[in-house]
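Student: sequence plus the predicted model coming up.
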Amino acid sequence: MMESKPSYEKRSLLSLSATQLIATCFIVFIISTGLSRVFVAASPSGSPLAEWESLSVPEEYINEDFRDIEFLNSTHGWLLGYNVLLQTTDGGDSWSASLTTTGLGFFKLSVVTPLNIWVSGYGPLRHSVDGGVTWVNVYSLDTVPDIVEFYNTTHGMVGDSHSLYRTIDGGISWQSSINWSYQHNSIHDFHLSAATVRVATSDGYYLSEDWGITWEVVDSRSTRGISFITEDEGWILHYQSFSHQVNGTLCDFPRVARIQVPSNSYYDDIEFIDSEHGWVVGIGPAVIYTPDGGNSWYEQECPNYHFKSVDFINETHGWAAGWRGAVARTVTGNSLGPHLPSGFIIIPGILGGGLFMPNISILVGIVSTVIYTFLILVFICRRKIRMNVKKQPAGIQIDE
């Protein structure tokens, strides 16, 4: 007996159901992706967007790796590269070389006044008291310091991975720290105040309350930068997170989920100018901004740069510099951009490092589509089971 084939109407219905399923899955993906962009990552309605513009440097330095940037006002600033210290008097529109080196390499810049400037690196410590016109090599240290920072013209700190030194007479004499560990891989940042010294290292965040003689560990996590606005309040930048310290208490912020980020996303420098306004630079994205002390963060529109240093003189005017000639400026630094969500309980590699998904909206779209497809298939299977049960012949009853 030949099996009967499904009628034309039934075959058409089955084919139409498969087509409809594919079409609706596509529609669900598009809608969920779009909505996630609007509600999760969209800019606040009606808010102006912050914009960073690229700045040009002399042609011989267009591939320079810039390590530090500092401005005293809206026109006068310095830009430190591995081989050169550049100076501008027009806000970054043009630059001229103030100090150069070949092979030794510069690491850190400290601009104390328009005339008093320090530069550290592989070679001797460099010092200028005439605004960079002439330089003196400082050989009174028994080390070659990687990093230098001065609080005023007399009080400063220098150091490398093995030792730290302080001066209270403008660099004439130096005093070594007593209990500084020899296990640090590198020092990333100093923050000096009238009473304390704070140091960010690859092995943790350290505090000295006797101005650089003895030290205590505040946080053992790798620290990239420090920005304190008062003696009691500041922000600590880690590799991919932030902490807020108030009156000695350290609190972590929820992880910020970055959007459209490469796999090597991380932070390099942090700058707060008051208790509310702060910026963080690095890679993926290049610049993020908080208008409320770190509770919410926004990505600011910027060229695809990897920044190493950021400096702001007020809420609007700021500069950033980094690898391969990256230099940029903004005059809308307190404007917003796409909102960066935080606190998501999802694999950190997806949101923080971007290892698996380049965009959170695509992730939302895929998850929504998978859930929708699963529910539809469950519904179809259950319906077929019910139809098969109805088609089974009734059992034959046998009389005894």
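Tutor: It's in.
Student: just want the most central residue of this protein.
Tutor: Of all residues in the chain, the one closest to the mean position by CA atoms, centre = their mean is Tyr267, 3.3 Å from it.
Student: would you say that one is within a strand?
Tutor: Yes. The assignment for Tyr267 (DSSP: H, G, I helix; E, B strand; the rest coil) places it in a strand.
Student: surely Asn63 is in contact with Ala326?
Tutor: No. The pair Asn63 / Ala326 is not scored as a contact, 10.3 Å apart, by CB atoms under 8 Å. Any C-beta I mention is one placed from the backbone N, CA and C, and that applies to glycine too.
Student: that older thread, tell me the contacts of the residue nearest to the centre of the chain?
Tutor: Residues near Tyr267 by CB atoms under 8 Å, 6 or more residues apart in numbering: 224-225, 237-240, 280-282.
Student: export the residues you listed to JSON lines and tack on pLDDT and secondary structure?
Tutor: Written out in JSON lines, the entries for these read as follows (pLDDT from 0 to 100; DSSP: H, G, I helix; E, B strand; the rest coil):
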{"residue": "Arg224", "pLDDT": "90", "secondary structure": "strand"}
{"residue": "Gly225", "pLDDT": "92", "secondary structure": "strand"}
{"residue": "Leu237", "pLDDT": "91", "secondary structure": "strand"}
{"residue": "His238", "pLDDT": "87", "secondary structure": "strand"}
{"residue": "Tyr239", "pLDDT": "81", "secondary structure": "coil"}
{"residue": "Gln240", "pLDDT": "77", "secondary structure": "coil"}
{"residue": "Val280", "pLDDT": "93", "secondary structure": "strand"}
{"residue": "Val281", "pLDDT": "93", "secondary structure": "strand"}
{"residue": "Gly282", "pLDDT": "89", "secondary structure": "strand"}
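Student: separate out the buried members of the residues you listed.
Tutor: Buried members of the contacts of Tyr267, scored by 16 or more other CB atoms under 10 Å, are 224-225, 237-238, 240, 280-282.
Student: and which of the residues you listed is nearest to Tyr372?
Tutor: Gln240 (32.5 Å; CB to CB).
Student: thought that closest one was touching Asp252?
Tutor: No. Because the distance of 11.7 Å does not satisfy CB under 8 Å, Gln240 is recorded as not touching Asp252.
Student: counting neighbours, go ahead and name the busier of Asn63 and Ala326.
Tutor: Per other CB atoms under 10 Å, whichever of Asn63 and Ala326 has more neighbours is Ala326, with 23 against 11.
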